[in-house]
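Mind looking at a prediction? Sequence and model below.
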Amino acid sequence: MTRTPEPQRGVALVLTLIFAILLYVLIAELVVSGRMVRLTGENDALLARMRNHMDYTLFEVQEQLLEDLAGAAAAEETGAAGGAPPATGLPGMGAGAGGGAEEEQTDPASGVDSSRDAWFQPTAHADNDLTTYVWVEDENRKFNLFAIFSPEEEFAKQSRERLVRLIDVLREDTDYDVSASDAERIVRELEEWAKRPGSDMVPRPPLKTEDEKDRDLVLPLHLDELLMLPSVTEDLYHDKVLDGRVILGLESVLTVWTSLGPDPGDPRKMEQQRLNEQSRGAAAGGSQAGAQNPQAQAPQQGATGQQNGANANNPPPQPEGEGIRINLNTAPGPVLRCLFDPGKVPDSVIDAILRYRNEVDEEAMAKEEEETGETAYDYGELQLGENVQRRFFTAVADLEKVPEFANLPDPELKAEFQRLCTTKSDVFSIHMAAMFRRNEENRVFVLRRSRSVVQRRDDGDSGVLYPLILQEERHGLRVVPVDLQEEVIDLRNTYQAMDQFAQEERAWNPFLIDFYLPQYQRDEFYL
């Protein structure tokens, strides 16, 4: 007798299938989650390694900046340099060190910051599979935004015109050109951003740079505040590389770090010291008070000086170091062009200045070859390329060595141009990019950028560095400017003086234009 299949048959098979599917999903989820946790941990560990290596590299670079200062000081001591050059500050910005014509020194490179310095060229610091690339950029090559807010009205007006010109010529003859009207609008938005009526009604941190006479003026604390302006985009702010050409951004030509002054101290503490001094002086006037409290007759040391510093009859505190003058040896072309209208200082004069500092110094090269027997970085089997020494301005007066500048008809104009310039730098941005190459053939890598800003001061000993910004994370593109981009620069000669190791290090350096060239174009340069 045959039994008829019941309707419930097959339910166990279906339940088993469902359970198997759920089990597979759970296991797959656990596997994926485990992999994500592992990869996240590896990435966190890699980023921590990058940070540690950048901290270590930063220490080495800072030591290099101090050694450069110490070397300049030693050269001045052994040379024939007499007294310090006269201080001729700019109107409204006070006097700093080293403006105008300077005395000749035995060693022309001593005390001068130029392409000859060890910190000037980007370098690579390798640690096994991790490499940190470093580029030291002096902020003195840039135009200081604070110049347009100078209390000297005429100087502030001229500085505003220069800023408009700078933005106008910054990307001239490119697809990203900024018109004169757009440049005027950006400067106007900056003025409106800094001068905010009724800003006392909005809570804000107390700043020692506040002007009690102009409470509505709120100076930017960081250059990145420009990105708050409606007309300033990230494309305009950061550098760009297009068709083998470096297109500078506002970050490469503007600064807020070179107009530095001494710290006046805590205003509340100074006021309390002043009141204490007054009370003690009043007590000292009475015979009994003077006898009971003899210490009151002697004012606190330093209180008088602080009080005099706050006296309205005394001049305001002056910037420390080089101030807002532009370094002739490092300034990009647009920064030099903005100083005067082309009708007064033609573009041909600026081009001649740029060409002068890019010419090979044959005398220096011959001297090096005579002393070392070679003009290349050759360390046994390592060939790191040719050590090209270019001309530089040892003093602002060396502008007369440029025929186009020397032939300018107006001596007052030439003197004013020189007064706006310097040949030294004291504020530096240390750009670092830590790179981990996952796949060199396909150029797959992890890159982490950071920047530190320091002021270098000569304290009479070995120098000292004051951190202004310490290891802030950066994400925008920064590339070493190229002065003569209109000329076709064939890198074959540069690469031919290098071995394969040096070629790869240069091609992977994110601060050089080589890094952004197409692969086929880079292959043409290799041995």
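Thanks, I have the structure now. As the structure is a computational prediction, the values presented were derived from the model and not from experiment.

if you go through this protein in chain order, where are the strands?
Assigned strands in the chain, in chain order: 123-127, 130-138, 143-144, 240-242, 245-247, 254-255, 326-327, 376-379, 382-386, 421-422, 427-439, 444-457, 464-474 (criterion: DSSP state E).

Show residues contacting the third one.
Spelled out, that is strand 143-144. Applying C-beta atoms under 8 Å, 6 or more residues apart in numbering, the external contacts of strand 143-144 come out as 162-163, 166, 253-256, 258-259, 324, 326, 335, 338. Bear in mind the C-beta positions are built from the backbone N, C-alpha and C, glycine included.

Same check on the fifth one?
Residues outside strand 245-247 that contact it (C-beta under 8 Å, 6+ apart): 171, 174, 176, 239, 240, 241, 479, 480, 481, 482, 485, 513.

Out of the strands of the chain, which is closest to residue 495?
Of all the strands of the chain, strand 382-386 sits nearest to residue 495, with 8.1 Å by C-beta to C-beta.

circling back to that earlier point, could you flag which of the contacts of strand 245-247 are buried?
Using 16 or more other C-beta atoms under 10 Å as the burial test, the contacts of strand 245-247 include 171, 239, 240, 479, 480, 481, 482, 513 as buried.

got a list of what the fourth one touches?
Right, the one you point to is residue 479. Residues near residue 479 by C-beta under 8 Å, 6+ apart: 239, 241, 246, 511, 512, 513, 516.

Turn those into JSON lines, including pLDDT and distance to residue 44.
Compiled in JSON lines, the contacts of residue 479 are given as follows (pLDDT from 0 to 100; distance: C-beta to C-beta, whole Å):
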{"residue": "239", "pLDDT": "94", "distance to residue 44": "29"}
{"residue": "241", "pLDDT": "89", "distance to residue 44": "31"}
{"residue": "246", "pLDDT": "90", "distance to residue 44": "34"}
{"residue": "511", "pLDDT": "94", "distance to residue 44": "26"}
{"residue": "512", "pLDDT": "90", "distance to residue 44": "29"}
{"residue": "513", "pLDDT": "86", "distance to residue 44": "32"}
{"residue": "516", "pLDDT": "87", "distance to residue 44": "29"}
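
Can you name the two of those that sit furthest apart?
The largest separation in those, counting by C-beta to C-beta, is between 239 and 512 at 12.1 Å.

Lowest-scoring secondary structure element of this structure by mean pLDDT?
helix 303-309 (a mean of 34; mean pLDDT, DSSP states H and E).

biggest separation within the buried ones among the contacts of strand 245-247, which pair?
Maximum distance among these (C-beta to C-beta): 17.1 Å, for 171 and 480.

State the number of residues packed around the residue nearest to residue 238 when sequence neighbours are not counted.
In space, and not counting its chain neighbours, residue 238 is closest to residue 476: 3.6 Å by C-beta to C-beta, 6 or more residues apart in numbering. Residue 476 has 14 neighbours, counted by other C-beta atoms under 10 Å.

Is residue 476 in contact with residue 236, as I believe?
No - using C-beta atoms under 8 Å, residue 476 is not in contact with residue 236; the gap is 11.1 Å.

Now the common contact residues for the two.
With contacts taken as C-beta under 8 Å, 6+ apart, the residues that reach both residue 476 and residue 236 are residue 249.

just to revisit the earlier point, comparing the strands of the chain, which gets the lowest mean pLDDT score?
Mean pLDDT values for the strands of the chain show the minimum at strand 376-379, a mean of 52.
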